[in-house]
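Visitor: A structural model of the following input is requested.
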Amino acid sequence: MFVLSINGNDTQVDVPDDMPLLWVLRDVLGLNGTKFGCGMAQCGACTVHLDGRAVRSCVLPVTGAVGKKITTIEGIGATDIGKRVQQAWLGIEVAQCGYCQTGQIMSATALLAEKAQPTDADIDAAMSGNLCRCGTYARIRAAIKQAATGQISLPQTVA
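Guide: The predicted structure follows:
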């Protein structure tokens, strides 16, 4: 039995010691926003925050998360930076298929928490482990820059 602090709430889980955090979140707790991509920490779809750091949950055993604060895509909007990133993603309409976007948002939020005004090189370094099959990298970079400045404009709705 393990107690995990997820999105500000303590949750008990009875899972094997070596179960990856990704499967605890998705299969045991029903937090399906974190995605399975490659299972080898290569694509970034499974990114969550562990004590504010972006980590790949597909290779992190549950025991590695005990005693740490876990933030998933379901909880990132509760932070100022996370909310700005999510709004910028919507404003620029980053997502196409959207599958990788939760991991992208989690990595971008961790970057902005560390560097409030990242350079292009900072963005490239922080986001290099997140793959997007649709190729929305230019929009991802623009959304990160917009979130950094706080000058976010949401798309206009058509009546």
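Visitor: hey, where'd the helices end up in this protein?
Guide: Remark: helices assigned in the chain by DSSP state H are 21-23, 73-76, 80-92, 101-114, 120-127, 137-149.
Visitor: quick one: the longest one to helix 80-92, angle?
Guide: Helix 101-114 and helix 80-92 are oriented at 130 degrees to each other (axes from the mean of the first three to the mean of the last three CA atoms, to 10 degrees).
Visitor: And helix 101-114, how far out from the chain middle?
Guide: 5 Å (CA atoms, centre = their mean, to the nearest Å).
Visitor: re the thing from before, ok, which of the helices of the chain comes nearest V3?
Guide: Checking the helices of the chain against V3 by CB to CB gives helix 21-23 as the closest, at 13.6 Å. C-beta here means a position set from N, CA and C on the backbone, and glycine is covered the same way.
Visitor: would you list the helices of the chain in TSV and tack on distance to T34?
Guide: Output for the helices of the chain, formatted as TSV (distance: least, CB to CB, whole Å):
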stretch	distance to T34
helix 21-23	6
helix 73-76	6
helix 80-92	14
helix 101-114	6
helix 120-127	17
helix 137-149	18
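Visitor: ok, so what distance separates the spatially most central residue of the chain from R56?
Guide: The centroid of the chain falls nearest to M106 when counting by CA atoms, centre = their mean (2.0 Å). When CB to CB, to the nearest Å is the yardstick, M106 and R56 sit 10 Å from each other.
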